[in-house]
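Q: Pasting a predicted model and its sequence here:
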Amino acid sequence: MPFTAETESGAAFKGWQLPEVRPSLGLELAGNKYHVLLKGDVAVPCQAAVVLSTYRDNQTEVCVMVLAGDSPQVGESSQAGVCCA
């Protein structure tokens, strides 16, 4: 989106306003798969929800790894955080 601003000397400056660029955020699933939760082109702040099940029956705890990246493979994405409960 174009914008106009003034420099310190008062001269007009025309340019382009760039949106914040960030990678997609997702979760690691069984089988080294990556599930995108928030795509990189989504305006922030935002929210998303997904319902997932555990890998094994009667599982009493789970660790959720949050990843940042656009690759469908976990190994090609950066770890953004882990939560175990």
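A: Sure thing, it's come through.

Q: residue contacts, the residue nearest to the spatial centre of the chain?
A: Centroid-nearest residue in the chain: Leu25, 2.4 Å away (criterion: C-alpha atoms, centre = their mean). Taking C-beta atoms under 8 Å, 6 or more residues apart in numbering, we find Leu25 in contact with Val36, Leu37, Leu38, Val66, Leu67, Ala68, Ala80. C-beta: built from backbone N, CA, C; applies to glycine.

Q: Just the buried residues from the residues you listed, in PyMOL please.
A: To isolate the buried subset of those in PyMOL, counting by 16 or more other C-beta atoms under 10 Å, use the following:
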select buried, resi 36+37+38+66+67+68
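
Q: Take the contacts of Leu25 and lay them out in a markdown table including pLDDT.
A: Shown next, in a markdown table, are the contacts of Leu25 (pLDDT from 0 to 100):
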| residue | pLDDT |
| --- | --- |
| Val36 | 89 |
| Leu37 | 88 |
| Leu38 | 87 |
| Val66 | 89 |
| Leu67 | 91 |
| Ala68 | 90 |
| Ala80 | 88 |
